[in-house]
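[1] Predicted coordinates and the sequence they were generated for:
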Amino acid sequence: MTAHDRIPIADPAAEYRELAAEIDEAVHRVLASGRYILGPEGAALESEIAAYTGAAHAVGVNSGTDALHFALRAAGIGSGDEVLMPSFTFVATAEAVSYTGARPVFADIDAQSFCLEPRALERSVTPRTRAVIVVHLYGQCAAMAEIAALCREKRLVLIEDCAQSLGADCDGRRAGSWGDFGCFSFYPTKNLAAAGDGGMITARDARHAERLRMLRHHGSRQSYLHEVLGYNSRLDELQAAILRVKLRHLDRYNAARAEVSRLYRELLKDLPLILPAESGKGKHVWHQFTVRSEKRDRLRASLEQAAIASMIYYPVPLHRQPLYAPDNTGRAFPVTDEAARSVLSLPIFPHLGEERVKRVCEALRACA
């Protein structure tokens, strides 16, 4: 078996191969223009993402981590504040809080969706709680009606971590339009993928959007006049142009991911695996197809022997990370811990195809 026969967990180059003519034209257009930073491509992408998500405003930045950090900064979160979030997420969600001087406080997840469990969230609110970051994990929205209602009742800022969920919706509203802010990543393996790092923040309030634009550009809205401590975090024109091309194909690519999910479900339904569940409240965009098994490590080893990649998102939850564990001694997150012990994400991307899905399933069947 050659390297070309290996099935990757994701294949960003396959999108380029299909869209090469469109992407090359967009890149050449930017290079010929001489406008490489804060130009028309970025402005157009912001308008298109705002329209796509149903948000009032969108502001491009250079990563999903900065998107989260700047949303918190724009909301005035800082030292002495607490921000609630799931422990079962990538560290960037908590890092963004720590950058502000606030304290990330973790809550347990729902066993079916892997997203914040509303009752666990409510139990974690204290007088110091100022904001909630809800993570739409694996491509499915959290229980947004309940969480948004809680945030309104408690007067908490609601930030959506939409890094894995562009195009997903809940009760007819797309990810990124529920909260005060929606934070997106365009990392090369995301559903909408740049050829490098990139991020976007959607915002409900025009004042927040203005603040975000200042934060990404050295605290400035007028050249050489700096009003607040800002950063250098601008989504460059080349990435914006590439993303604009891919945004035109996003719904089709998300539909292809859904078809891969359907095939997996059909072919794996009789195996002793817990297959991912859909809430029934909206569209799942299948950033990951994540199964659960008590034999997770054995299954992963079997896939590797068959030249099939897989990933564990996430093997060490945040409350057990060395960075945050000292603040969480004695706290219990049973659903999160069980997920970390048992989850396994299988290859899923728009160009995977039926034959490779079957090969993945055959390898799992041989080990199950």
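    Thanks, I have it.
[2] mind listing what the lowest-mean-pLDDT helix or strand in the chain pairs with, with the direction of each?
    In the chain, no helix or strand scores lower on mean pLDDT, DSSP states H and E than strand 220-222, which sits at a mean of 93. Partners of strand 220-222 in the sheet, by DSSP bridges, are strand 225-226 (antiparallel).
[3] what residues does the strand it pairs with touch?
    Where contact means Cβ atoms under 8 Å, 6 or more residues apart in numbering, the residues beyond strand 225-226 that reach it are His218, Gly219, Ser220. For every residue, glycine as well, the C-beta is placed using N, CA and C.
[4] where's Ala339, which helix or strand?
    Assigned by DSSP states H and E, Ala339 falls within helix 334-342.
[5] Ok, Ala148 next?
    Taking DSSP H and E as the criterion, Ala148 maps to helix 144-154.
[6] still on that earlier bit, mind listing what's buried in the least confident helix or strand of the chain?
    Ser220 (16 or more other Cβ atoms under 10 Å).
[7] Off-centre distance for it?
    Relative to its chain's centre, strand 220-222 lies at 30 Å (Cα atoms, centre = their mean, to the nearest Å).
[8] how about the helices of this protein, start to end?
    For the chain, the helices defined by DSSP state H cover 12-33, 40-53, 64-74, 92-100, 118-123, 144-154, 206-216, 237-247, 250-268, 296-305, 334-342, 354-367.
[9] and those, which is most packed in?
    Of all the helices of the chain, helix 64-74 has the most neighbours on average by mean count of other Cβ atoms under 10 Å, namely a mean of 28.
[10] tell me the contacts of the most centrally placed residue in the chain?
    Closest to where the C-alpha atoms of the chain average out (Cα atoms, centre = their mean) is Ala163, at 1.8 Å. Residues in contact with Ala163, defined by Cβ under 8 Å, 6+ apart, are Gly64, Phe90, Ala92, Val135, Cys183, Phe184, Ser185, Tyr187, Lys190.
[11] Go through the helices of the chain and name the closest to Lys283.
    Evaluated over these, closeness to Lys283 peaks at helix 250-268, with 7.9 Å, by Cβ to Cβ.
[12] Please report how far Asp251 lies from Arg365.
    32 Å (Cβ to Cβ, to the nearest Å).
[13] My error: substitute Thr202 in the last question.
    For Thr202, the distance to Arg365 (Cβ to Cβ) stands at 42 Å.
[14] Over to Pro350?
    Distance from Pro350 to Arg365, by Cβ to Cβ: 24 Å.
[15] Could you do Leu156 as well?
    According to Cβ to Cβ, Leu156 stands 46 Å off from Arg365.
[16] try Ile308
    Relative to Arg365, and taking Cβ to Cβ, Ile308 is found at 12 Å.
[17] quick one on the thing from earlier: who are the packing partners of the helix holding Ala148?
    Judged by 3 or more Cβ pairs under 8 Å, 6 or more residues apart in numbering; DSSP states H and E, helix 144-154 is in contact with helix 118-123, strand 129-135, strand 157-161.
[18] Specify the stretch among the ones you listed that is closest to Ile77.
    Here strand 129-135 is closest among the helices and strands packed on helix 144-154 (Cβ to Cβ), at 5.6 Å.
[19] returning to what we had before: what does the least confident helix or strand of the chain rub up against?
    So strand 220-222 is contacted by Glu210, Arg213, Met214, His226, Glu227, Gly230 (Cβ under 8 Å, 6+ apart).
[20] redo that, cut-off 7 Å
    If you take Cβ atoms under 7 Å, 6 or more residues apart in numbering as the criterion, strand 220-222 is touched by Arg213, Met214, His226, Glu227, Gly230.
[21] With pLDDT as extra columns, can I get those residues in CSV?
    What follows is the contacts of strand 220-222, written out as CSV (pLDDT from 0 to 100):
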residue, pLDDT
Arg213, 98
Met214, 98
His226, 96
Glu227, 95
Gly230, 97
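[22] got JSON lines for those, with distance to His57 too?
    Listed next are these as JSON lines, based on distance: Cβ to Cβ, whole Å:
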{"residue": "Arg213", "distance to His57": "9"}
{"residue": "Met214", "distance to His57": "13"}
{"residue": "His226", "distance to His57": "22"}
{"residue": "Glu227", "distance to His57": "19"}
{"residue": "Gly230", "distance to His57": "18"}
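[23] biggest separation within these, which pair?
    Longest span within the contacts of strand 220-222, Cβ to Cβ: Arg213 and His226, 13.2 Å.
[24] count of neighbours near Ser165?
    The number of residues packed near Ser165 is 30, by other Cβ atoms under 10 Å.
[25] need the contact list for Asn232.
    The contact partners of Asn232, taken as Cβ under 7 Å, 6+ apart, are His218.
[26] what's the distance between it and Val61?
    Taking Cβ to Cβ, one finds Asn232 at 10 Å from Val61.
[27] Asp205 too?
    As for Asp205, its distance to Val61 is 17 Å (criterion: Cβ to Cβ).
[28] circling back to that earlier point, among the helices and strands packed on helix 144-154, which is nearest Pro326?
    It's strand 129-135; of the helices and strands packed on helix 144-154, that one is closest to Pro326 (Cβ to Cβ) at 20.2 Å.
[29] quick one, the closest one and strand 157-161 angle?
    Angle of strand 129-135 versus strand 157-161, following axes from the mean of the first three to the mean of the last three Cα atoms, to 10 degrees, is 20 degrees.
[30] any idea of the angle strand 129-135 forms with helix 64-74?
    Using the same axes, to 10 degrees: strand 129-135 against helix 64-74 is 160 degrees.
[31] List the contacts of strand 129-135.
    With contacts defined as Cβ under 7 Å, 6+ apart, strand 129-135 is touched by 72, 75, 77, 81-86, 89, 93, 115-116, 121, 142, 147, 151, 156-161.
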